[in-house]
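Visitor: Need coordinates for the following:
(3 chains)
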Amino acid sequence: MGADFVTLSLTPILIGALAAVACALPGNFLVLRRQALIGDAISHVVLPGIVVAFLITGAVATLPMILGAACAALVAVALIEAVRRLGRIEPGAAMGVVFTAMFAGGVLLLEQSDTSSVHLDVEHALYGNLESLIWLDASGWGSLTDPVALAGLPPELGRIALTLVAVALFTGIFWRPLALSTFDEGFARSLGIRTGALGLALVVVSALAAVAAFDAVGSIIVIAMFICPPAAARLMTDRLGAQVGWSVVFAILSAILGYVLAGYGPGWFGLGASVSAAGMIATVSGVILALAAVFGPRRRGAIVAT
Amino acid sequence: MLWEALTLQLGYNATLVTVGAALLGFAAGVTGTFLFLRKRALVSDAISHATLPGVGLAFLAMVALGGDGRNLAGLLIGSALSAWVGLLAVSFLTRRTRLAEDAAIGAVLSVFFGFGIVLLTVIQSLGAGRQAGLEDFLLGSTAGMLRADALLIAGGGALVLAVVLALRRPLTLVTFDPDYAVARGLPVARLDLLMMGLVMAVTVIGLKVVGLILIVALLIIPPVAARFWSDRSDHVVLLSGAIGAVSAWVGAALSATAPNLPTGPMIVLTAFAIFALSLLAAPGRGVLAAALRQNRFRRRVHMRQGLLALAHGQPIYEGLTLRLLQHAGLVRPDGVPTEAGQARAARALRDEARWAELRAGPGNEAAAALHDGVRDIETVLTQDQIAEIDRRIGGPRGVPG
Amino acid sequence: MSALSLVPNADRVAADAAALRAPLAIRGLTVSYGQQPAVFSVDMTLRAGAMTAIVGPNGAGKSTLMKAALGIVTPLSGRITAFGAPVELQRHRIAYVPQRASVDWDFPARVIDVVLMGMYRDLGLLGRVRAHHRDFARDCLDRVGMTDFADRQIGQLSGGQQQRVFLARALAQNADLYMLDEPFAGVDAATEKAIIAVLKGLRDEGRTVLVVHHDLATVAEYFDDVLLIATRKVAEGPVTQVFTADNLQATYGGRLATQQIDRLPGAGA
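Guide: Okay, here's the model as predicted:
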C-alpha cells in the first residue's frame, strides 16, 4: 500500500466509513423504534431538495444543495406526520405516499430544467461519486503531516467528519432519554421528557446525516447504513451500548470491504473497470446482516416464559 | 394535444401504453388495497427495489447465451425471480430473527438495490452501449418503446386485472377477517402468497412504464386516497382501482404530450393530486370535515360540562366553558347562572338522571353503551320510553317553574 | 337534590381551594378519542396516605384517566393539580407504572438498566451512574424480590417478574404519589401478593397509591378508597361506604349480575 493508495483510495474509504457511521448511529434508535423506513423516505426526498436548490440558485453549489436537501427532508417528515395524524393513516402508508410523490416531483423538475450542462442527474443522486473523491495533493503517507497537501483534501471529508461529530454528540448527550423514550414512551412522558420533540430531533439528526452522507456517497449507502449495521448489531447482543458498538464496527467494515471489493474486485475476475463502490458497500452490509441473521448469538428474540 | 392523448389519438404505441398503464393502474389500486388494509404497504417497496439485480442478471444471462440482452420478456422474468428472492428474505428476517418487518424491508430494499447497481456497473464495464435501456427501469421510460413491449404491458396489465377481479372475494375476506376466512376453510397462507404474487406482477409489469422507484406509489397512493371516501371494503377496493386507473391514464396521456414529461412521475403526481384532494375535502374522514366536527364536539362537551357544574354548584375552572355559557346567555359575567341557565342546567341534570336509570336497569346494555356524556337521551329513546323512565325516577327534579 | 346554587364562580373556586392541595385533584376532566369521550367530566380528589382503586368496566376510561392525570394524553378540558400545583411541576413527586404490555420487552436492556431509568431525574442527561445509584437500584429490586435477576436480559423474564421490575423502577423514583396501571393483569398469585405488600408498605410510610384495578373480588381486601367510573364518575370515597351493590350496578349496568355483586366481600347493599 503506497502512494497510490493514499492518493486514490484513502480519502474515499475514510469518507465512506465516516458516512456509514454517521448514519448507523441514529439508525440504531430508528430500528428499535420501528422507524427504520424513515431513512428510506429521507433518502428519496433528497433528490427534489437538491433540484429545487439548483433551480433557485442556478448553480451546482454544495452548500445550497445541502440546505435544499435538509429542507426537503424536514418537509417530508412534516408531511408524513401530517398525513398520518390528519388522515389517520398508518405510518408505512403515509411514508409511501409522501416520499414517492416528492421523488416524482424531483424527477419531473429535473427533466423540466436544463441541467444537461451540469453534473446533476438521478444516477448521481443514487450512486454518489465516492470513487472521485480522491486526494490529488497527496504523494504518500507523509502527506498526512504536510499542511499544504492537507489543504487539498476533498471538502466532503471535512463535511462528513463534522456531521459525524454532531451526530455522535447528539447520540451521546441524549442517550439516556432516547433509550428511555424508545423503551417506554408513556413512562418517559410521565417523567416530563418531551418525547415528541425528542423523536423529531432524532429524525432531524438522521436527516442531517443522510444529507451529508448523500453529498458524498449517494442515497443507496444512506438507506443501507441506516438499517443494515444496526439490524445486524441487534442480532449480536442484548445490551444497547454493545449494540451501538457493533453497528459502528459493521458500518466501518462494510465501507472498507465494499470499497476495496468495488475497486480491486473486478480486476481479480479480469474485468477492466471498477464497479459502483456505493452499491458494493450496500451489498457487503447486506452480507454482514445475512451472516448475523444465520449465526448471530442473539438472532432470536427472547422466549418469554409466562 | 392533451385531448388527443386522453382520447387515444396519438398513435398505436402511445394508445397501447396508455391503455396498458390504465389496466395496470386499476390492478395496482385493487391489489394495493389489500396490502394497505393489512398494514403492509411498504412491503411493495422492498419487492420493487429487489427487482433490479434480476434485471441485471437476466441481461448478463441472455448475453452469455448469445441472445439480445434487452429482450423485455426476459428482463421481466429475471426481475420477478429476484423480487421473489427479496420477498423470501423479508419473510426470513421477520420470522426467523427478532427484527421487525420495517427493518427487514429497509435492509432488503437497500441491499438488493445496491447489488443491482453493482451489476449495472458490471454491465457497463463489459462494453458501453450494449446496456442501453437498463437505467430506464429505475424511473421508467415509454419513449422509443417497441410495439412488442407495449403489447406485453397492455396484455400483462389485463391479465393481472383479470386475476385480481376473479379472486377479489376470497382476498377481501382474508384481508378483513382472517379468522373467519380460516373458519370458512379458505387457504389463507396461499391467498397471502397469491397477494404477494400479484404485487410482484404489478411491479414487474410497471417497471418499464413507471420505474422501480415509483411503482410503489401506484400500490400505495390509490388505496390511501380511496379510504377517505368510504368505510365499506368493497367500495374502497373498487374506488382505489378507479383512482389507480384514472391516475395512470391521465399521467400517461400528459406524458405523451411533451418530451420532458416522464411517464412515471406524471402518473404518481396525478395520483398524489387525487390523494391531496381526498385528504382535504372528503366528507367524513377528510381533514376539513373532521376539524369542523371536532370543534363542534369540543363546544358541546364544554357546554354540557358547564351546565352540569352549574347544576351541582361546582366551580368551573375552564375559561372556554365560562365563555361559552356567557355567550349563550346562561351565566352572568361573575359566573352566576341566569334564569335560562338554571332551566338548561336542570334539563341537563334530568337527562343525566334518566341515563343513570337506563344504565342501572338490566337489559339496556346496548342503549346504555351510547351514554358518552354529550348525547341527549331523546336521540336514543322514544318519548314513551322516556316517560317510563321518568315515572320510575319521579319526574323532573330541580326544574324551577 | 340541592337547589341550583346562585354563587359567583369565583366563590365556588375559593371554596374548593383546600381540596386542590390533595396529592391529586381532578376537576371537570374530559378526554376523547375522536368524537367519543373516554372520560367525561370527571372530578376526583385523592386522599393523602390512602390506597385508592380506580374500578370500572372495560373501556370505562380507567387508564385514560390515569394517563391524563400524568399529562401523557391531552384532555379536551379539565384541570389537574398534584399537591396543590399543576401536575407538570410535581413530576418529581409522582411515580408511574404503565401497563406491562405497553412496552417491547425485547428491548436491549438488563433488569438493572430498567430500574436505573427510575432515577432519570437524579441522573439527568449526562450524570454518571455511581455506586450509590446502583446500590439503591439493587435495594429497590430487593424490595420486590428480584435481586438475583439484576443482570438478566428483560426479555427473559416472566410476566410477573416484568411487573416486579416495573414496580422496582417506580420505587427508584422515591415518590410521594404512586400511580399503577393494571399492575395485577396477567401476573401469578405470588407476584400479586408481593406487589400488594410493597404498596401497603408505601401507604404505611404515608405515601399515596392510586391503582387501576379490574378485579372486584379483591377491592375491599386491598384498598382503602375506591373511585368507580364508567366514562363518568359514579362514586368516590372509602370502600366501606362507596363499594355498594347499587353503585356497582350503576357502574357496570346490566353487565354484572346482581348475585355476582352480592358475593363480593365488602359490597353491602
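
Visitor: outside of the longest helix anywhere in chain C, which residues touch it?
Guide: Using DSSP state H, we find that the single longest helix of chain C is helix C:189-204. Around helix C:189-204, the neighbours that count as contacts under CB atoms under 8 Å, 6 or more residues apart in numbering or on different chains are C:49-51, C:143-145, C:160-161, C:163-164, C:167, C:171, C:178, C:180, C:183-184, C:187, C:209, C:211, C:222, C:224. Any C-beta I mention is one placed from the backbone N, CA and C, and that applies to glycine too.

Visitor: What about the residue in the stretch 151-300 of chain B that chain C sits nearest to, how many residues nearby?
Guide: Nearest residue of the stretch 151-300 of chain B to chain C (CB to the nearest CB) works out as B:Phe297 at 5.4 Å. Close neighbours of B:Phe297, defined as other CB atoms under 10 Å in any protein chain shown, add up to 17.

Visitor: what's whichever strand or helix holds A:Ser181 packed up against?
Guide: Assessed by DSSP states H and E, A:Ser181 sits inside helix A:175-183. Under the contact definition 3 or more CB pairs under 8 Å, 6 or more residues apart in numbering or on different chains; DSSP states H and E, helix A:175-183 sits against helix A:11-32, helix A:185-190, helix A:195-217, helix C:111-117, helix C:120-123.

Visitor: how about JSON lines for the ones you listed, with mean pLDDT, distance to chain B and mean neighbour count added?
Guide: Shown next, in JSON lines, are the helices and strands packed on helix A:175-183 (pLDDT from 0 to 100; distance: least, CB to the nearest CB, whole Å; neighbours: other CB atoms under 10 Å in any protein chain shown):
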{"stretch": "helix A:11-32", "mean pLDDT": "95", "distance to chain B": "5", "mean neighbour count": "27"}
{"stretch": "helix A:185-190", "mean pLDDT": "95", "distance to chain B": "16", "mean neighbour count": "23"}
{"stretch": "helix A:195-217", "mean pLDDT": "88", "distance to chain B": "11", "mean neighbour count": "23"}
{"stretch": "helix C:111-117", "mean pLDDT": "96", "distance to chain B": "18", "mean neighbour count": "24"}
{"stretch": "helix C:120-123", "mean pLDDT": "91", "distance to chain B": "26", "mean neighbour count": "16"}
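
Visitor: so which of these comes closest to B:Gly133?
Guide: Closest of the helices and strands packed on helix A:175-183 to B:Gly133 is helix A:195-217, at 26.3 Å (criterion: CB to CB).

Visitor: now the closest one, how far from the centre of its chain.
Guide: 9 Å (CA atoms, centre = their mean, to the nearest Å).

Visitor: Report the angle between that helix and helix A:11-32.
Guide: Between the axis of helix A:195-217 and that of helix A:11-32 there is an angle of 160 degrees, by axes from the mean of the first three to the mean of the last three CA atoms, to 10 degrees.

Visitor: how far does whatever helix or strand comes next after helix A:195-217 sit from the chain's center?
Guide: Of the helices and strands lying after helix A:195-217 in sequence (DSSP H and E), the nearest is helix A:219-234. Counting by CA atoms, centre = their mean, helix A:219-234 is centred 8 Å from the centre of its parent chain.

Visitor: Keeping just the C-alphas, turn the helix holding A:Ser181 into PDB.
Guide: Extracted in PDB, the C-alpha atoms of helix A:175-183 (Å, rounded to 0.1, in the frame of the first residue of the first chain):
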ATOM      1  CA  TRP A 175     -28.500   8.700  25.100                       C
ATOM      2  CA  ARG A 176     -30.500   8.300  28.300                       C
ATOM      3  CA  PRO A 177     -33.800  10.000  27.300                       C
ATOM      4  CA  LEU A 178     -33.500   8.400  23.800                       C
ATOM      5  CA  ALA A 179     -33.200   4.900  25.300                       C
ATOM      6  CA  LEU A 180     -35.900   5.700  27.900                       C
ATOM      7  CA  SER A 181     -38.400   7.000  25.400                       C
ATOM      8  CA  THR A 182     -37.700   4.300  22.900                       C
ATOM      9  CA  PHE A 183     -38.300   1.600  25.500                       C
END
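
Visitor: sorry, back to before: okay, now the sheet partners of the helix or strand following the longest helix of chain C, with direction.
Guide: Of the helices and strands lying after helix C:189-204 in sequence (DSSP H and E), the nearest is strand C:208-213. Strand C:208-213 pairs in its sheet with strand C:51-55 (parallel), strand C:177-181 (parallel), by DSSP bridges.

Visitor: I'd like the mean pLDDT over the first one, please.
Guide: Averaging pLDDT along strand C:51-55 yields 97.

Visitor: returning to what we had before: and the contacts of helix C:189-204, which of them are in strands?
Guide: Among these, the ones falling in strands (DSSP state E) are C:Met51, C:Tyr178, C:Leu180, C:Val209, C:Val211.

Visitor: so the first one touches C:Glu221, yeah?
Guide: Right, the one you point to is C:Met51. No - with contact defined as CB atoms under 8 Å, C:Met51 does not count as touching C:Glu221 (10.9 Å).

Visitor: Among these two, which residue is more densely surrounded?
Guide: Between C:Met51 and C:Glu221, counting by other CB under 10 Å, C:Met51 is the more crowded of the two (23 against 11).

Visitor: quick one: contacts for the nearest residue to that one once chain neighbours are set aside?
Guide: Spatial nearest neighbour of C:Met51, chain neighbours left out: C:Val209 (4.5 Å); criterion: CB to CB, 6 or more residues apart in numbering or on different chains. Shown in contact with C:Val209 (CB under 8 Å, 6+ apart): C:Ala50, C:Met51, C:Thr52, C:Leu177, C:Tyr178, C:Leu180, C:Leu199, C:Leu202, C:Arg203.

Visitor: Now flag whichever of those is closest to A:Tyr127.
Guide: A:Tyr127 lies nearest to C:Leu180 out of these, by CB to CB, at 54.2 Å.

Visitor: Excluding residues flanking it in the chain, which one is nearest that closest one?
Guide: C:Val97 is the one closest to C:Leu180 (CB to CB, 6+ apart), at 4.2 Å.

Visitor: residues near that neighbour, how many?
Guide: The local packing of C:Val97 (other CB under 10 Å) involves 26 other residues.

Visitor: Same check on the one 10 residues further on?
Guide: With neighbours defined by other CB under 10 Å, the count for C:Phe107 comes to 18.

Visitor: how far away is it from chain A?
Guide: Distance, C:Phe107 to chain A, using CB to the nearest CB, to the nearest Å: 5 Å.

Visitor: Checking my notes, that residue in a helix, right?
Guide: No - if the criterion is DSSP: H, G, I helix; E, B strand; the rest coil, then C:Phe107 is coil and not within a helix.

Visitor: List the contacts of the closest residue to it other than its chain neighbours.
Guide: In space, and not counting its chain neighbours, C:Phe107 is closest to A:Phe183: 4.6 Å by CB to CB, 6+ apart. A:Phe183 sits next to C:Val103, C:Asp104, C:Phe107, C:Ala109, C:Val114, C:Met117 when contact means CB under 8 Å, 6+ apart.

Visitor: separation between the nearest residue to B:Leu6 once chain neighbours are set aside and chain A?
Guide: Excluding the flanking residues, the one nearest B:Leu6 by CB to CB, 6+ apart is B:Ala253, at 4.6 Å. For B:Ala253, the distance to chain A equals 15 Å [CB to the nearest CB].
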